[in-house]
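>>> need a 3D model of the following:
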Amino acid sequence: MTQSGSTDSGTVARSGPVTALLDATGSFFKSARDAFPGATAADWAAASALDPDAFGPGGSWRLDFRCFAVADPDGTGWTLIDAGVGPAEGPGAPWCPVPGRLPELLTAAGIDRADVHTVVLTHLHEDHTGWAADAAGQPFFPRARYVVQRAETEALDRRDPVWDWVVEPLRTSGQLHEVEGRHRLRPGVTLLPTPGHTPGHQSVLVERPDGRDVLVTGDLLVHAVQLAAPGVAYAHERDPATARASREQLLARAADTGAVLATAHLTRPFVEPRATPAGEAPVGRTASAEAPSGG
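From the prediction side, this is the model:
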């Protein structure tokens, strides 16, 4: 992927204080049409116009696996949103394109792991938690608090590999912080409950007094077909009706406020929704990214 204003072959891009880090790229284990069986021909045509690089040969779904780092206003630290696919031995190994490259991307972006004071986990799927810890059960970010919705940990099956890889070691180290509902991390960074993909899924609002706000969506939307038609369900949503409501509300908020969407799995990290006539769902277009800077 080539992203305007980015460097390192598109692996690092920036919108204001938010740096996008492309941990991995691969093809999904289902075709796009199997993953979104309710999408119409018109939906697919619109999605192709919005994100053409997501359409691989033979109907395959090409997707990125992306994390986001938010700089503190005073430059003293970082908040990381999601933790990527992780190493080769991580829980994402059965289907994710492991190993990811987040460690070297952090270095390229001028981010020291010790300066990451908060890691937000939008949800507890393996492609968003891989670099939260290592195979020895040690937190990958030694000084960070890891913030997740309590509804998410309560719903996670103890047999899920993410439990042993992430939840148990972070509880043992005292670094797992479970919150309930809307939660202000610090001035300008707020967690927004957006359930449906999983019971405790959350998105992140990054407010910019000197520019456009950024809404980090997590898996609220995973493909451009859900930008083109927000009512289209994803086959792996836990509660499709709730996911649709969350998606429509967040996209409407972005359209109303002019916020940029920061996406985990589209092949472009920053997408700008545009207003549509009353009664129609908002759709998006690619937003330009600023060149990254260190620290």
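
>>> which residues does the closest residue to residue 59 other than its chain neighbours contact?
Leaving aside its sequence neighbours, residue 59 sits nearest to residue 31 (CB to CB, 6 or more residues apart in numbering; 4.4 Å). C-betas here are computed from N, CA, C, even on glycine. By CB atoms under 8 Å, 6 or more residues apart in numbering, the residues touching residue 31 are 58, 59, 60, 61.

>>> is residue 31 bridged to anything, and to what?
residue 60 (DSSP bridges).

>>> from residue 60, how far out is it?
Computed as CB to CB, to the nearest Å, the residue 31 to residue 60 distance reads 6 Å.

>>> which intervals of the protein have sub-threshold pLDDT?
Within the chain, the stretches with pLDDT under 70 are 1-10, 274-295.

>>> redo the contacts of residue 31 as CSV? Include distance to residue 138 and neighbour count.
Output for these, formatted as CSV (distance: CB to CB, whole Å; neighbours: other CB atoms under 10 Å):
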residue, distance to residue 138, neighbour count
58, 41, 6
59, 41, 12
60, 36, 16
61, 34, 22
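
>>> next SSE downstream of the longest helix along the chain?
For the chain, the longest helix by residue count, based on DSSP state H, is helix 240-257. For helix 240-257, the following helix or strand on the C-terminal side (DSSP states H and E) is strand 260-262.

>>> strands of the protein, start to end?
Secondary structure of the chain (DSSP state E): strands at 12-15, 18-31, 60-71, 78-81, 116-120, 145-149, 176-179, 183-186, 189-193, 202-206, 214-216, 260-262, 270-274, 283-286.

>>> list the neighbouring strands of the fourth one plus their orientation.
Same thing as strand 78-81. strand 60-71 (antiparallel), strand 116-120 (parallel).

>>> rewinding a little: with distance to residue 230 added, can I get the strands of the chain in a markdown table?
Below are these laid out as a markdown table (distance: least, CB to CB, whole Å):
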| stretch | distance to residue 230 |
| --- | --- |
| strand 12-15 | 22 |
| strand 18-31 | 20 |
| strand 60-71 | 18 |
| strand 78-81 | 21 |
| strand 116-120 | 23 |
| strand 145-149 | 22 |
| strand 176-179 | 26 |
| strand 183-186 | 25 |
| strand 189-193 | 16 |
| strand 202-206 | 14 |
| strand 214-216 | 14 |
| strand 260-262 | 12 |
| strand 270-274 | 10 |
| strand 283-286 | 8 |
